[in-house]
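Student: have a look at this prediction, sequence included:
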Amino acid sequence: MLVLFETPAGYALFKLLDEKKLQSSDNLYKDFESPETASKVVKLKHFQKFKDTTEALAATTAAVEGKMSKTLKKMLKKLVVKETQDILAVADAKLGNSIKDKLDLNCVSNSAVQELMRCIRAQTNSLITGLPEKELSAMALGLAHSLSRYKLKFSPDKVDTMIVQAISLLDDLDKELNNYVMRAREWYGFGTFQNWARSSLTTWPLPS
């Protein structure tokens, strides 16, 4: 079984050396307590590093939408398609469906795979060789800033939404104000009539 692991710096493809480990995923963390024991469970097959933050942002946004980025598709075609007998473990089920539809690769995503991903993440620095921790941290920070700016951009389909809602709110306020004014006039008129009636009764000449 192959394992697709996503990092801010690129895609890592691991080979699961002992697939029986997934059957006892509750104790899987014990095999990743040290770099030595972790290397006996998974082995790095390939690491596809992002060229720049732009490529990392494109890959991340595609992953959020459950789609394959161009970089991932190219890597999988080159490394995995030839080994069709292997199953690819992915963190996101939507991404797995996309890979299966486009590349005809059998993908699996379940609770055991999620636990495996967490264990790999704990030993990322030791399992992915040639990637300094400082570089990974810098890529993670840059990607976080880029992703934040990307999410803050206005969608072309929703630019006028706030304006439309504001105008609708003003119309509602005008209607409510008109209702309140009409009520106030009615109440004021009713009070004036009562005062006039009382004064008329007191001043009206009574029969002797």
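Tutor: It's in.
Student: quick one: contacts for the spatially most central residue of the chain?
Tutor: Against the mean C-alpha coordinate of the chain, by CA atoms, centre = their mean, the closest residue is V64 at 5.6 Å. By CB atoms under 8 Å, 6 or more residues apart in numbering, the contact list for V64 is empty. The C-beta positions use only the backbone N, C-alpha and C, and glycine is treated the same way.
Student: repeat for H46
Tutor: A12, L13, M75, L79.
Student: quick check: which of these has the minimum pLDDT.
Tutor: Ranked by pLDDT, the contacts of H46 bottom out at L79, which has 77.
Student: how close does it sit to E65?
Tutor: L79 sits 23 Å away from E65, going by CB to CB, to the nearest Å.
Student: Q23 - how many residues pack around it?
Tutor: When neighbours are counted by other CB atoms under 10 Å, Q23 registers 10.
Student: now do the contacts for it.
Tutor: With CB under 8 Å, 6+ apart, Q23 has these contacts: A112.
Student: do you know how far it is from T124?
Tutor: 24 Å.
Student: quick check: mean pLDDT across the one helix or strand W187 maps to?
Tutor: Element membership of W187 [criterion: DSSP states H and E] is helix 161-203. The average pLDDT for helix 161-203 rounds to 74.
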